[in-house]
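Undergrad: make a model of this:
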Amino acid sequence: MNRRVACRLAVALAAILVFAPVGNANAPEISPRPMPRPVLKDAVAVAAASPLAAFAPEVSLRPARRPAGLAAPERVERAVFRTQPLPEVTTGRTGALCGDPALKGKTIPPIKGRLNGCGLEDGVSLISVSGVALTQPAAMDCKTAKALKQWVDGGVKPAIGKTGGGVAALQVAAGYVCRGRNNAKGAKVSEHGKGRAIDISAILLANGTAITVEKGWASKSYGKPLARMRKAACGPFNTVLGPGSDRHHHDHFHLDTARGRGAYCR
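TA: Next up is the predicted model:
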């Protein structure tokens, strides 16, 4: 081999050794660009891509909607309390109103009546009795509040039973009001003016039905339940008046705990 050819071979061999990556400890290590991760669009694909996919449920279902009828009691309650102020903290050793946890509301300061004979000492503002709401706060004394609870438990609830989902509220026509009997001028002070009476004009059911005393009394559907609860009121209350008593009580039940005389129910 001549000298010129040998020189060319040496140059070529040197180039190979310089540029070849093999055996070069200082050559940078080349990492291929990572492939983009697949996008899993639903829960089933995520479960399938997991190593624990075999143990995962095949389909994740949302719970079925509640039947429409079950929402009715909540709607009624919101309607009842929408314009009603929240009760303040009650007083008493047990924290219950009038010593009874079934009575909800607040204690109120003494009321001085503008008429002679009116007024309320140690009164309460009642908003709920045994889980049955009052459509507006009613001021009364504890004896009357307890009589109302006894009537709700022993008269109203049993008379209605499960009809319409049961009793949700009592529509209050009047609680404490300083006035004469039947709003007559110069008449004797009503038991309302002493915090001993409450007027109920309708029974509201959980499904939204309102059983009014005026229209329900003569109806085939609600006449008997109303008559039954009216009869049950005589005992807890000393005075019970309603449709047929007189022209002043055709559209509501008047219930009071008048002192000093026997029962008057008609």
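Undergrad: and for residue 185, the neighbour number?
TA: 6 (other Cβ atoms under 10 Å). Yep, even glycine has a C-beta here, placed from its N, CA and C like the rest.
Undergrad: same check on the one 4 residues further on?
TA: Residues contacting residue 189 under the criterion other Cβ under 10 Å number 17.
Undergrad: beta partners of it?
TA: Under DSSP bridges, the beta-bridge partners of residue 189 are residue 180.
Undergrad: distance of it from residue 118?
TA: 6 Å (Cβ to Cβ, to the nearest Å).
Undergrad: which neighbours do those two share?
TA: Here residue 189 and residue 118 have residue 178 as joint contacts, going by Cβ atoms under 8 Å, 6 or more residues apart in numbering.
Undergrad: show me what stretch 254-266 is in contact with.
TA: Under Cβ under 8 Å, 6+ apart, the answer for stretch 254-266 is 141, 143-144, 147-148, 151, 191-192, 196-200, 231, 233-235, 237-242, 244-245.
Undergrad: buried ones among those?
TA: 141, 144, 147-148, 151, 191-192, 196-200, 233-234, 237-242, 245 (16 or more other Cβ atoms under 10 Å).
Undergrad: now, which of these lie within strands?
TA: 197-200, 239-241 (DSSP state E).
Undergrad: take the residues you listed and lay them out in CSV including distance to residue 220.
TA: Shown next, in CSV, are those (distance: Cβ to Cβ, whole Å):
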residue, distance to residue 220
197, 30
198, 28
199, 25
200, 21
239, 29
240, 23
241, 24
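Undergrad: burial count for residue 220?
TA: Residue 220: 6 neighbours (other Cβ under 10 Å).
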